[in-house]
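Colleague: The sequence and its predicted three-dimensional model are supplied below.
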Amino acid sequence: QLLLVESGGGFVTPGESLRLSCQGSGFSMEGYSIGWFRQVPGKDREVVACSSTSDKMSHVSDFVKGRFTVSRDNAKNTVYLQMNNLKPEDTAVYYCGADLYETKCLDPVYWGQGTQVTVSP
């Protein structure tokens, strides 16, 4: 059974950092495209960034450029979302998704349960 579990969310003040983790089980994430997404209640889910199997970022949204980065630790079967200089508008539930095909990064077949990030003074 393929599972994705996000962790690392929490409550921070503006300007602080968080690192989210997306750990896979039941499969090797190394061979999958991984996407990070976020959703605010009442709004559509939006892509944050994708990570290719070669650990390159793609589809990086303008609102996170220069602040968020995605990286992989294949030994831990984990993909990270490092979020720096967080802003109140970054408050959302963050999800990771996995798909075997790079072209499906924006619409992956497998999803985690999400982790809440709250940024507030």
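Modeller: Cool, the structure landed.
Colleague: how close does residue 79 sit to residue 97?
Modeller: 10 Å (Cβ to Cβ, to the nearest Å). Every residue, glycine included, has its C-beta placed from N, CA and C.
Colleague: joint contacts of these two?
Modeller: Shared contacts of residue 79 and residue 97 (Cβ atoms under 8 Å, 6 or more residues apart in numbering): 34, 36.
Colleague: May I have the phi/psi pair for residue 74?
Modeller: phi -70, psi -30 (degrees, to the nearest 10).
Colleague: now swap in the one 4 residues further on and tell me
Modeller: Note on residue 78: its backbone torsions stand at phi -140, psi 140 [degrees, to the nearest 10].
Colleague: Excluding residues flanking it in the chain, which one is nearest it?
Modeller: Once flanking residues are discounted, residue 78 sits nearest to residue 23: 4.7 Å by Cβ to Cβ, 6 or more residues apart in numbering.
Colleague: Residue 71 too?
Modeller: Per Cβ to Cβ, 6+ apart, closest to residue 71 is residue 80, 5.0 Å.
Colleague: In this model residue 20 seems to touch that neighbour, though I could be wrong.
Modeller: Yes. Here residue 80 reaches residue 20: they are 6.7 Å apart, a contact under Cβ atoms under 8 Å.
Colleague: Where in the chain is the helix or strand with the lowest mean pLDDT?
Modeller: Across the helices and strands of the chain, mean confidence by mean pLDDT, DSSP states H and E is lowest for strand 57-58: a mean of 82.
Colleague: for the following helix or strand past that strand, which positions count as buried?
Modeller: Downstream of strand 57-58, the first helix or strand assigned by DSSP states H and E is strand 68-73. Across strand 68-73, burial judged by 16 or more other Cβ atoms under 10 Å covers 68, 69, 70, 72.
Colleague: what do you get for stretch 102-110?
Modeller: For stretch 102-110, a neighbour-count test (16+ other Cβ under 10 Å) marks 104, 105, 108, 110 as buried.
Colleague: now do stretch 4-18
Modeller: 4, 6, 8, 9, 12, 18.
Colleague: residue contacts, the fifth one?
Modeller: Read it as residue 12. Here residue 12 is in contact with 18, 86, 117, 118, 119 (criterion: Cβ under 8 Å, 6+ apart).
Colleague: Thank you kindly, that will do.
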